[in-house]
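K.L.:
Here's a sequence, model it:
(chains A, B, C and D)
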Number of protein chains: 2
Amino acid sequence: MNPLAIPEIVIRRLPLYLRTLKLLQDQGQSVTSSQEIGDKLGISATQIRKDLSYFGEFGKQGTGYDVRYLQEQLQQILQVDSTWNLALIGAGDLGRAILRYSSFEEGGFSIVAVLDRDRDKIGRRIGKLQVLDIAKLPEVIKEHRIQIAIIAVPTNDAQEVADALVNVGVKAILSYAPIPLSLPAHIRVQHIDPLVGLQSMTYYLDPSQR
Amino acid sequence: MNPLAIPEIVIRRLPLYLRTLKLLQDQGQSVTSSQEIGDKLGISATQIRKDLSYFGEFGKQGTGYDVRYLQEQLQQILQVDSTWNLALIGAGDLGRAILRYSSFEEGGFSIVAVLDRDRDKIGRRIGKLQVLDIAKLPEVIKEHRIQIAIIAVPTNDAQEVADALVNVGVKAILSYAPIPLSLPAHIRVQHIDPLVGLQSMTYYLDPSQR
DNA sequence: TAGATTGTTAATCGATTAACAATC
DNA sequence: TAGATTGTTAATCGATTAACAATC
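P.N.:
Have a look, this model is predicted:
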């Protein structure tokens, strides 16, 4: 339909490029090449150049890419050059691990509220945040202008929580629940499910050694 | 090369079908169709039938698929019809959340050992397991015939841990560290990185509302 | 039988890659 | 200048889908 639409598969590779550039920068490297990035990710250099070419020209012939500059450009493209406020639903073990996982901050996200429905958890402190009653969801979302939420509740509650999030205006959901969620088509959903990775690896393993 | 090789993208969809079948079974449904599975996953019915056809014929014309039977068949195909022993490296918040995450057990995996290098964590109990010294890695791997390990250590230690795992014969790694790992080509690696999902969703969000 | 749904073929669509001119 | 590497085109490759016969 839209001739300028960029394939989603390309968009999904950009965070990998960003992750690799961060690694290179941490190692003190200031210039890189499509070849080098590709080697680290197991992606062809041509593909990386092609992906970048959807958005502009970021390199220099004969030299490569300035690590810092390309990083900034990718952050702008993905709109993570400034911070998104996130709400985290679920203050169990998983929720706590997510809260302490520092990569979110580096990646352009800030978890500004944790909510749970469990009386025992509400009011407890986790890091800098106090666990709020899920009943306060509408106010929290409005106050912090939250468009993205993370679901880290038990499987059985996930669909209900997702529906509630959509009702209060959340536009994108990162779900750790291992079930497919039924949501309106305009809501973006990403799943984190370690089983998908594990079960696709076992296909290739030698069962005789088990 | 191999004319019978099944595309990896197909293999990666099978766990999603399995996940959906489990959901249907939990809801007490005994028969389903490619249409129904597809609707839940946002995948076309044709694609599901095509994917399954790589492995055989599992349905009945006019009726659909027996939920339990198709589940069993997919488990066999993915080799998760019996249990794989896993080692978990890293006993921090993330490691503890992973240990308590029950889906692994349902999915054909059992975490049989947790290891860490931190003196403060070694010896501590998490659920049924006691945290072991990472120095014991070779014995642990051998004793439990472990082919798959989960990395849940700080980013800076991840590559080192991965190298150590490969050295003791681990064949597949599920890494929660947000960096690309450099490993021999024959080692299977899957990454769990929530940033990839988040950063690809923000591309599509309206920044004016931020 | 009529309706539903599978399994499969062939056509289409889209993504990857090979090749190379441009140029630093 | 020679060497390196980008950006881009066109060719290739592979994945998805439309269509439909088979059949429960």
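K.L.:
Get me the contact residues on chain A for DNA strand C.
P.N.:
Contact residues (Cβ under 7 Å from any atom of the strand) of chain A with DNA strand C: A:7-10, A:43-44, A:46-47, A:50, A:60-63. All C-beta atoms are positioned from the backbone trio N, CA, C, and that covers glycine.
K.L.:
beta partners of the residue nearest to A:T83 when sequence neighbours are not counted?
P.N.:
Nearest-residue entry for A:T83: A:S110, 5.0 Å, with adjacent residues in sequence omitted and distances by Cβ to Cβ, 6 or more residues apart in numbering or on different chains. Note on A:S110: beta-bridge partners by DSSP bridges are A:N85.
K.L.:
Quick one, grab the pLDDT at A:S110.
P.N.:
A:S110 carries a pLDDT score of 97 in this model.
K.L.:
now A:L4
P.N.:
With respect to pLDDT, A:L4 has a value of 63.
K.L.:
One more: the one 10 residues further on?
P.N.:
We have a pLDDT of 98 for A:L14.
K.L.:
in the helix or strand harbouring it, what's buried?
P.N.:
Per DSSP states H and E: A:L14 is located in helix A:8-26. Buried residues in helix A:8-26, counted by 16 or more other Cβ atoms under 10 Å in any protein chain shown: A:10-11, A:13-24.
K.L.:
circling back to that earlier point, go through the residues of chain A next to DNA strand C and say which is closest to A:I146.
P.N.:
Sorting the residues of chain A next to DNA strand C by distance to A:I146 puts A:E8 at the head of the list, at 23.5 Å, by Cβ to Cβ.
K.L.:
So which residue is dead centre in chain A?
P.N.:
Residue closest to the mean C-alpha point of chain A, counted by Cα atoms, centre = their mean, is A:L174 at 7.2 Å.
K.L.:
That one is in contact with B:Q199, isn't it?
P.N.:
No: shown here, A:L174 and B:Q199 do not form a contact pair, counting by Cβ atoms under 8 Å, at 10.6 Å.
K.L.:
tell me the phi and psi of the residue lying closest to A:L23 once chain neighbours are set aside?
P.N.:
The spatial neighbour of A:L23 that comes closest, neighbours along the chain excluded (Cβ to Cβ, 6+ apart), is B:I179 at 5.4 Å. Reported as degrees, to the nearest 10, the phi and psi values for B:I179 are phi -140, psi 150.
K.L.:
try the one 10 residues further on
P.N.:
Note on B:V189: backbone dihedrals following degrees, to the nearest 10 are phi -130, psi 130.
K.L.:
Which residue is the nearest non-sequential neighbour of A:I37?
P.N.:
A:T20 (5.2 Å).
K.L.:
check which helix or strand covers the residue of chain A found nearest DNA strand C.
P.N.:
DNA strand C sits closest to A:G62 of chain A, with a gap of 2.1 Å, by Cβ to the nearest atom of the strand. Counting by DSSP H and E, no helix or strand carries A:G62.
K.L.:
That one - how many residues pack around it?
P.N.:
Using other Cβ atoms under 10 Å in any protein chain shown, A:G62 has 5 other residues around it.
K.L.:
What strand or helix carries A:N156?
P.N.:
Taking DSSP H and E as the criterion, the element that holds A:N156 is helix A:155-167.
K.L.:
repeat for A:A149
P.N.:
Assessed by DSSP H and E, A:A149 sits inside strand A:148-151.
K.L.:
Repeat that for A:Y65.
P.N.:
strand A:64-66.
K.L.:
list the helices and strands that strand packs on?
P.N.:
The elements that strand A:64-66 packs onto, with contact taken as 3 or more Cβ pairs under 8 Å, 6 or more residues apart in numbering or on different chains; DSSP states H and E, are strand A:31-32, helix A:34-41.
K.L.:
just the angle between the last one and helix A:8-26, please?
P.N.:
For helix A:34-41 against helix A:8-26, the angle by axes from the mean of the first three to the mean of the last three Cα atoms, to 10 degrees is 100 degrees.
K.L.:
ok, and what's touching helix A:34-41?
P.N.:
A:16-17, A:20-21, A:23-24, A:43-49, A:52, A:59, A:64-65, B:180, B:182 (Cβ atoms under 8 Å, 6 or more residues apart in numbering or on different chains).
K.L.:
so the residue nearest to A:L23 touches B:E160, yeah?
P.N.:
No: at 11.6 Å, B:I179 does not count as touching B:E160 under the criterion of Cβ under 8 Å.
K.L.:
Where does the prediction get shaky in chain A?
P.N.:
For chain A, the stretches with pLDDT under 70 are A:1-4, A:210.
K.L.:
Could you break it into its assigned domains?
P.N.:
Using automatic domain parsing, the domain ranges for chain A come out as A:8-77, A:84-196.
K.L.:
And the last one, how far out from the chain middle?
P.N.:
Per Cα atoms, centre = their mean, to the nearest Å, the displacement of domain A:84-196 from the mean C-alpha position of its chain is 13 Å.
K.L.:
Also the shortest one?
P.N.:
Remark: domain A:8-77 is offset 18 Å from the chain centroid, using Cα atoms, centre = their mean.
K.L.:
gap between the two ends of that domain?
P.N.:
13 Å (Cα to Cα, to the nearest Å).
K.L.:
buried sites along the helix or strand A:V114 falls within?
P.N.:
A:V114 belongs to strand A:109-116 when elements are defined using DSSP H and E. For strand A:109-116, the buried set under the neighbour-count rule, 16+ other Cβ under 10 Å, comprises A:F109, A:I111, A:V112, A:A113, A:V114, A:L115, A:D116.
K.L.:
The first one and B:V196, how far apart?
P.N.:
Distance of A:F109 to B:V196, given as Cβ to Cβ, to the nearest Å: 12 Å.
K.L.:
now swap in the last one and tell me
P.N.:
Using Cβ to Cβ, one gets 26 Å for the distance from A:D116 to B:V196.
K.L.:
Based on its surroundings, how many neighbours for A:F55?
P.N.:
14.
K.L.:
which residues touch it?
P.N.:
Shown in contact with A:F55 (Cβ under 8 Å, 6+ apart): A:I6, A:Q73, A:I77.
K.L.:
how would you label it: helix, strand or coil?
P.N.:
Under the three-state scheme (DSSP: H, G, I helix; E, B strand; the rest coil), A:F55 adopts coil.
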